[in-house]
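A.B. asks: The following block contains a protein sequence and its predicted model.
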Amino acid sequence: MARTRRYRSRRTTHRTNQLQLAHVAIPSQIPNMAAIFIVLRKMRRPLLLMLAIMTFSVIGLSMMPGVVQPDGSSGRLNAFEAFYVFSYTATTIGFGEVPHAFSVEQRWWVVASIYLSVVVWAYTIARLMSLLQDAGFIAAYTAQSVRRTITHMRQPFTIVVGYGYIGRSVVRTLDARGRRAVVLDQQPVPIERLATDMLAQEVPGIWGDARNPAILGLAGLDHEECEAVLALTGDEEVNLQIVMTCSLLRPGLPVIARATSRQVAAKMADFSPLAIINPFDDYGQFLMLELQRPYTHRLIHWLMASEGTSLGPISPRFQLQSKKWLVVADGHFGDEVTQDLIQAGYTVTLDLPDAEHDFTHVAAVIAGAESDTANMALAAHLRHAHPDIVIVVRQQSHAQLPLVEAFCPDSIFFPPQLVTQRAVANLTTPRLWEFIRELMTTDDESARRLTESMVARLGNGSPSPMRLWISETHAPTVVRWLTHHRLTLRALFRSPQDWTQSIAAYPVLLIRDGVTITLPDEGIELELDDEIVMVGTSDGFAEQDECLNDDSTLYYTATGHDIPTSGLWRRITGRLWKDAFEHLPIDPASSQTQASSQPEASPQPQASLPPSSSNR
C-alpha cells in the first residue's frame, strides 16, 4: 500500500567523515558522450555535400540566360531568386516558375540540379538512419536526456545501483511509497526493463559502470535532492568502490551497501556507510533467534514482512533434541553460518556439496550450496531417508522460489528477500530498524506479550511503519492544542468513531531531544518536536490523520466529548468554537479528566521491553 505522508528529508550527516581532507567536485561529464559532437562527426560529409550542391545549383541557375522580358530585361535570375527557387524545389513544395517563365537553359539546369540533389538526399538520409542506430549516439543521447531529467528533479530521490531482483524489489517498494529513484546498472537489459515495469513514477535509468565516479555524478550524486545511495550489485568489490566514492566525494550522504563476506564488510565500515547488509551473517543471527527465542524471531519476521503477511505459528520442529548440525555449503555462506552456530554452542560439521555426508545423530541440515538444484536434491533425499531431520534450504534464484515454497522446508534462506527488507527498512524508516535491533536483545516472554498486544490492536496481518513529527507542518491541530493544554500520546491512538476503542496503529518509539523511549507509555505527555515511530494499517493511519488535521476530531479523542462540526454551525458560532477550543473545561494536567466518566471498553494492554543498554 502506498505511503504518501512525507515529513522531512533525511539528508543529514550520520557520522563525522575523517577521511576527506580536501573538497573535490563530483565529476558528471563522460568523455565522448556529447550527442551533438557525434552528430557533427557522423553527418559532416553528407551535410557538406548538401551545402555544396545547393551552392552550385544556385550559382549555376543565376548564370543561365533567361527569356527576354517585354520591358527589355534579360530574364536572368539574381542570386536571391535562384535560392528561392531551389528552396521550394528541394522541399518538394513546387510553386512553379517564378518570377517569370524560364528559358530552356534554365529548365535544363533545374532538372540536372534536382536529380543530383536526390542522390545527395538519399545518401544523407542513409547516414542519418545509420546514426540513429549507432550505439555510441544512443548512449550519448540517453545520457544527456537522463542527466537533463535528473537535473530538473525537485523531489528527494535515491540512487539505486544494480537493477537485478533486489534492485527491482527496492525500486518497486519505494515507488509504491511515493519516493523517487534513479537506477544505475552495468548492463543495458535491466535499464531497458524499466520501461515495462509499470511504475507509478518516472524512474531515470543509466547504463554504465558505477565504479566510475563520473557515472555516479551523472546519476545525480552531486544533486542537492539526492538523499541516499544503495549499492546492491552482485559484486561486493563494486559495492565497496561505491561506498568509497560516496564517502570521499559526498560525505554525510547515507549509503547502504550489500556485502557477502565479513572481510569486505569490514573494509566498508571504515568509510562509515549508513548500513552494511551481509545476508549470510544476518541469516545466522535470525537462525539463532528461531532456535533459541522463537517468539522474538516470529515478531521480527512479522514486522519486516510485506504489509498484510499473516503471523505464522511457532514451528515445534526447531525444538531440537541434539545440538549436532550439518552444513552442506560452499563459498562464504558456509563459513558465516558455521561460525554463528559454533558461537551459539552447537556442534557443526561443514561439508562441500559433492562430498559424502554422514547424517548420524544429526538434528538439522542446512542445504546451502551455490546451486539451487543441488540444494533441492539434498532436501528431497533427507525428507525420504531422514524425515526427523530439520531441513534448511538456501535459495539463490527468485525464478525457482515457487518450487522451494511448494517443497516447504522447515526454513528457507532467500538472500535477495533479506537484503530487500533490510535496505527498505534502513532507507525509509531507519528508526524502526533501531527498534528491531533492540528486539533482538529482548527475552522471549517479553516478545510473546508484545506480539499479543500488537495483534490485539492491529490484527493478524503484518503492519507497515510510519513516522510522525509533532510540528506545525505535520500535526497542526496537535500544535494548536499544545499551545493551551497538555495532551497525552493516547489521544492520537483513539478511534475518531468510538473514543473507547483504539485505532489500528501502535507506537514503538518516541524520540525527544535526542533521547529514544522504546514502547512509550500512552499516558506520556506530548511536546513540540517529538518524533513518533509507529506501525499500523492503512485504515489506522487514515483515522489518525483526522486527529492531526481536524480540531473537532482531536477534541473528541482527547476528551470523549463531541462538539458541533457542521459548516453552518461553525460559521454562526465561530467565536464560540474558538473559545471552546482554547479554553477547554478540563484539567490541564490530563486530557482524560472530563472523559474519565466514560469507561473504555476492553482497553488494549501496552507491552514493554525489559531495560537494556539501548533504552536511553
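C.D. replies: Sure thing, it's come through.

A.B. asks: And the contacts of the helix or strand that contains residue 139?
C.D. replies: Following DSSP states H and E, one finds residue 139 within helix 135-151. By CB atoms under 8 Å, 6 or more residues apart in numbering, the list of residues contacting helix 135-151 from outside reads 28, 30, 32-35, 38-39, 42, 131-132, 157, 182, 202, 204-208, 218-220, 223. C-betas here are computed from N, CA, C, even on glycine.

A.B. asks: need the contact list for residue 59.
C.D. replies: Residue 59 neighbours (CB under 8 Å, 6+ apart): 79, 82.

A.B. asks: In a helix, it, correct?
C.D. replies: Yes - counting by DSSP: H, G, I helix; E, B strand; the rest coil, residue 59 is part of a helix.

A.B. asks: measure the spatially closest residue to residue 470 that is not a sequence neighbour to residue 430 for me?
C.D. replies: Nearest non-adjacent residue to residue 470, counting by CB to CB, 6 or more residues apart in numbering: residue 530, 4.4 Å away. As defined by CB to CB, to the nearest Å, residue 530 lies at a distance of 17 Å from residue 430.

A.B. asks: Which one's more surrounded, these two?
C.D. replies: Taking other CB atoms under 10 Å, residue 530 and residue 430 do not tie; residue 530 has more neighbours (22 against 17).

A.B. asks: what sits against the more buried one?
C.D. replies: So, once contact is read as CB under 8 Å, 6+ apart, residue 530 ends up touching 469-470, 510-512.

A.B. asks: And it, what's its pLDDT?
C.D. replies: Residue 530 carries a pLDDT score of 94 in this model.

A.B. asks: Just the element for residue 216, please.
C.D. replies: helix 213-218.

A.B. asks: CA atoms of that helix as CSV?
C.D. replies: What follows is helix 213-218, C-alpha atoms only, in CSV (Å, rounded to 0.1, in the frame of the first residue of the first chain):
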residue,chain,number,x,y,z
PRO,A,213,32.7,8.5,-10.2
ALA,A,214,31.5,10.4,-13.3
ILE,A,215,28.8,7.8,-13.8
LEU,A,216,27.6,8.3,-10.2
GLY,A,217,27.8,12.1,-10.8
LEU,A,218,25.7,11.6,-14.0
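
A.B. asks: Who are the packing partners of the following helix or strand past it?
C.D. replies: Next helix or strand after helix 213-218 toward the C-terminus (DSSP H and E): strand 226-231. Packing contacts for strand 226-231, counted by 3 or more CB pairs under 8 Å, 6 or more residues apart in numbering; DSSP states H and E, involve strand 157-161, helix 236-249, strand 255-258, helix 415-428.

A.B. asks: roughly how far apart are residue 36 and residue 141?
C.D. replies: Taken as CB to CB, the span from residue 36 to residue 141 is 10 Å.

A.B. asks: So if I had to pick from the two, which one is more boxed in?
C.D. replies: Neighbours were counted for residue 36 and for residue 141 using other CB under 10 Å; residue 141 has more, 18 against 10.

A.B. asks: Mind picking out the helix or strand in this structure with the poorest mean pLDDT?
C.D. replies: The least trusted helix or strand in the chain, going by mean pLDDT, DSSP states H and E, turns out to be helix 574-582, with a mean of 51.

A.B. asks: Tell me, how many residues neighbour the closest residue to residue 157 other than its chain neighbours?
C.D. replies: Residue nearest to residue 157 in three dimensions, not counting chain neighbours: residue 180, with 3.8 Å by CB to CB, 6+ apart. Counted by other CB under 10 Å, the residues lying close to residue 180 total 20.

A.B. asks: begin at 822 from here
C.D. replies: Happy to do that; since the first residue is 822 now, the last one works out to residue 1001.

A.B. asks: Show the contacting residues for residue 1001.
C.D. replies: Applying CB under 8 Å, 6+ apart, the residues contacting residue 1001 are 974, 976-979, 995, 1022, 1024.

A.B. asks: and if we set it to 10 Å?
C.D. replies: Applying CB atoms under 10 Å, 6 or more residues apart in numbering to residue 1001 gives the contacts 971, 974-979, 992, 995, 1022-1025, 1046, 1048.

A.B. asks: Which residue ranges make up each domain of the chain?
C.D. replies: As assigned by automatic domain parsing, the chain contains the domains 856-953, 974-1098, 1101-1249, 1253-1418.

A.B. asks: And for residue 1238, nearest residue in space, chain neighbours not counted?
C.D. replies: Closest to residue 1238 by CB to CB, 6+ apart is residue 990, at 7.9 Å.

A.B. asks: Next one: the one you found from residue 902, what distance?
C.D. replies: In terms of CB to CB, residue 990 sits 68 Å off from residue 902.

A.B. asks: Looking at those two, which is more packed in?
C.D. replies: Each of residue 990 and residue 902 has its neighbours counted (other CB under 10 Å); residue 990 has more, 19 against 15.

A.B. asks: could you say what helices and strands the host helix or strand of that one packs with?
C.D. replies: In this structure, residue 990 sits in helix 986-997 according to DSSP H and E. Using 3 or more CB pairs under 10 Å, 6 or more residues apart in numbering; DSSP states H and E as the contact criterion, the elements in contact with helix 986-997 are strand 978-982, strand 1001-1006, helix 1009-1014, strand 1047-1052, helix 1236-1249.
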